[in-house]
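> Quick one: sequence and predicted model below, then my questions.
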Amino acid sequence: MRGYFVICNFLFISTKLTLGKNERLKSRKQLEFLFKKGKSIVVFPFRVYFVYNTEVRENDFYPVLMGAGVGKKYFKKAVDRNKIKRITREAFRLTKPKFTEIAKAKGGNGQLQVFFLYTHRELPEFQSVKDKLELIPSKISEKLDLPATGI
């Protein structure tokens, strides 16, 4: 058996550390809502935009959605921008349980939507990105006025 399965809304959700297509912010509508209504924090080298969205359709059962972006200003080559986004997604995939814990602590049937914007001028190393992403959940929970947890 590869992982444990939980039944949620008549669908199976794996508890493995995965980051599927349905867990990414892609919709223009979702992104506009995030940037208009959301809050932001800075954890160098990221500016992190986040919002707890309660206006979620019933079939969107993922507690956390994420997106990643890199500006063209400092990274002219798409290869470099894509590499940074891949590193960010992988680091998020490994730290996703902390973000899921925040979404569950908030309660309700909403989603925590998070967007990471890379702002540094140099290509990052994976371990430094992962270390920074581990700091972000505690700062998000402070901004959302959640009680202190073991994050």
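Now that the structure is in, tell me what you want to look at. Numbers count the residues shown, from 1 in each chain.

> and the next element down the chain from the top helix by length along the chain?
Ranked by residue count under DSSP state H, the longest helix found in the chain is helix 78-106. Later in the chain than helix 78-106, the nearest helix or strand by DSSP states H and E is strand 111-118.

> if we look at that next one, which residues are touching it?
25, 30-31, 33-35, 38, 45-53, 56, 60, 62-71, 84-85, 88, 92, 99, 102-103, 106, 124, 133, 136, 140 (CB atoms under 8 Å, 6 or more residues apart in numbering). Yep, even glycine has a C-beta here, placed from its N, CA and C like the rest.

> And those residues, which of them are buried?
25, 30-31, 33-34, 38, 45-46, 48-53, 56, 62-70, 84-85, 88, 92, 99, 102-103, 106, 124, 133, 136, 140 (16 or more other CB atoms under 10 Å).

> mind listing which of the residues you listed are in strands?
46, 48-53, 64-70 (DSSP state E).

> Looking at those, which is nearest Leu144?
Nearest to Leu144 among these is Tyr52, at 6.2 Å by CB to CB.

> gap between that closest one and Ile140?
According to CB to CB, to the nearest Å, Tyr52 and Ile140 sit 9 Å apart.

> Please compute how far stretch 43-60 lies from its chain's middle.
Distance of stretch 43-60 from its chain centroid, counting by CA atoms, centre = their mean, to the nearest Å, is 7 Å.

> Show me what counts as buried in stretch 39-46.
For stretch 39-46, the neighbour count (16+ other CB under 10 Å) marks Pro45, Phe46 as buried.

> so where's the protein shaky on pLDDT?
Filtered on pLDDT under 70, the chain yields the residue ranges 1-16, 57-60, 146-151.

> Quick check, central residue of it?
Met66 (3.4 Å; CA atoms, centre = their mean).

> Make sure that residue is actually in contact with Lys26.
No: checked against CB atoms under 8 Å, the pair Met66 and Lys26 is beyond contact range at 10.5 Å.

> before we move on, the earlier item: figure out how far the longest helix of the chain is from the centre of its chain.
Worked out by CA atoms, centre = their mean, helix 78-106 lies 5 Å from the chain centre.

> what inclination does it have with respect to strand 46-53?
40 degrees (axes from the mean of the first three to the mean of the last three CA atoms, to 10 degrees).
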